[in-house]
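**Q** coords below, sequence missing:
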Ligand code: NAP
């Protein structure tokens with residue numbers, strides 16, 4: 001079996017590639033860069049185990065040639081400008097990477113008569129604030145350029161599946177973490193900041209709104225769920241989540257307490273870190289994944305925090 005992984009150098013692309021390689025897949029990763037950052041591959045011990053091809057997901061001819069030449073069984077589209085915060089500052093790049101990339105890949109698949117399967121990495125940001133735990137049928141209220149792009153791509157994947165019979169599906173991912181998150185994400189910033197406070201009691205950590213609440217899971221588990229969704233007999237969009245929601249304050253307090261520190265003695269709230277529009281609560285409904293695929297997350301927010309701190313300390 002062969003898989004193409006777009007966004008192969010990121011957190012999920014790297015963990016997914018490792019999982020596929022362990023199953024005996026031939027993995028071809030696509031990166032925009034001719035000199036890709038392989039730091040996560042090196043950390044995971046997979047550098048050199050997958051072929052890396054330089055490519056632009058938005059280039060029709062290039063992607064057509066790639067898909068036709070590689071003839072993959074599975075395609076995972078994880079490439080994106082993936083930061084919600086950055087999407088307010090770089091909305092055009094965010095739209096291009098997500099909407100144009102997704103529709104280009106689907107058009108290539110349609111034009112080439114591609115019979116394999118295509119997974120799209122959706123995001124829980126499409127729901128905005130969740131009044132109830134959200135599933136793939138829940139009404140959507142995107143509140144950022146990133147969420148608008150993910151929402152449009154989710155719709156596009158549905159249209160191509162229904163109108164053209166393409167084997168494409170979206171897994172709508174709630175937040176998921178690992179030690180391989182980039183330093184721009186708040187969870188990584190909190191863990192790194194707390195460790196800095198442990199080393200230097202005078203260190204101050206600046207954060208934005210601590211009352212936002214999220215449904216946090218463990219990335220290694222979520223890349224398994226992507227494959228479950230993609231390989232299902234009947235393709236159905238699904239939400240990937242734990243079903244448990246906690247505030248950022250809870251996250252901060254637990255990280256500091258694992259390190260035997262009082263977070264209130266070290267954390268400053270900075271107005272400048274508040275977003276133009278912020279999702280206050282985001283929670284998924286894990287029941288459809290359990291009912292349809294027998295899959296459920298086994299690591300919730302407490303397990304995520306404990307693992308992040310333990311791995312950052314080593
Ligand atoms: P990530 O670490 O940021 O990796 C994304 C990869 O996409 C990067 O390694 C990069 O690869 C490529 N990329 C970055 N900017 C791009 C741009 N402007 N245009 C085209 N490609 C670009 O993200 P991740 O956490 O692994 O997430 C994987 C996917 O899941 C993303 O689509 C993300 O939006 C989605 N998602 C993630 C979460 C989460 O909690 N992690 C939650 C919901 C959805 P190259 O530089 O090598 O090209």
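**A** Sure thing, it's come through. This is a predicted model, so every value here is computed, not measured.

**Q** need the residues of the stretch 101-250 of the chain near the ligand, please.
**A** 121, 123, 173, 175-176, 182 (Cβ under 6 Å from any ligand atom). Glycine gets a C-beta too; all of them are placed from N, C-alpha and C.

**Q** among those residues, which lie within strands?
**A** Mapping those onto strands (DSSP state E) picks out 121, 123, 173, 176.

**Q** and those residues as a markdown table, adding pLDDT and neighbour count?
**A** Converted to a markdown table, those look like this (pLDDT from 0 to 100; neighbours: other Cβ atoms under 10 Å):
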| residue | pLDDT | neighbour count |
| --- | --- | --- |
| 121 | 98 | 27 |
| 123 | 98 | 26 |
| 173 | 98 | 25 |
| 176 | 98 | 27 |
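
**Q** between the residues you listed, which is closest to residue 39?
**A** Proximity of these to residue 39, judged by Cβ to Cβ, is greatest for residue 176, which lies at 19.1 Å.

**Q** residue contacts, that closest one?
**A** For residue 176, the contact set (Cβ atoms under 8 Å, 6 or more residues apart in numbering) comprises 12, 216-219, 221-222, 240.

**Q** tell me where the stretch 151-300 of the chain has strands.
**A** Using DSSP state E, counting those that start in this stretch, the strands assigned to the stretch 151-300 of the chain run over residues 167-173, 176-177, 205-207, 213-214, 217-218, 238-240, 246-247, 267-269.

**Q** list the strands paired with the first one, with their directions.
**A** In other words, strand 167-173. strand 117-123 (parallel), strand 238-240 (parallel) (DSSP bridges).

**Q** then the third one?
**A** Based on DSSP bridges, the strands next to strand 205-207 in the sheet, each with its direction, are strand 267-269 (parallel).

**Q** what mean pLDDT does the partner strand get?
**A** Mean pLDDT, taken over the full extent of strand 267-269, equals 94.

**Q** likewise for stretch 144-156?
**A** 98.

**Q** for residue 145, which non-adjacent residue is closest in space?
**A** Once flanking residues are discounted, residue 145 sits nearest to residue 91: 3.7 Å by Cβ to Cβ, 6 or more residues apart in numbering.

**Q** distance of the one you found from residue 148?
**A** Distance, residue 91 to residue 148, using Cβ to Cβ, to the nearest Å: 9 Å.

**Q** neighbour count for those two, which is higher?
**A** Neighbour count, other Cβ atoms under 10 Å: between residue 91 and residue 148, residue 148 has more, with 20 against 16.

**Q** any chance of JSON lines for the contacts of residue 176, columns neighbour count and pLDDT?
**A** Formatted as JSON lines, the contacts of residue 176 follow (neighbours: other Cβ atoms under 10 Å; pLDDT from 0 to 100):
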{"residue": "12", "neighbour count": "24", "pLDDT": "98"}
{"residue": "216", "neighbour count": "28", "pLDDT": "98"}
{"residue": "217", "neighbour count": "28", "pLDDT": "98"}
{"residue": "218", "neighbour count": "21", "pLDDT": "98"}
{"residue": "219", "neighbour count": "21", "pLDDT": "98"}
{"residue": "221", "neighbour count": "20", "pLDDT": "98"}
{"residue": "222", "neighbour count": "26", "pLDDT": "98"}
{"residue": "240", "neighbour count": "27", "pLDDT": "98"}
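
**Q** great, nothing more from me.
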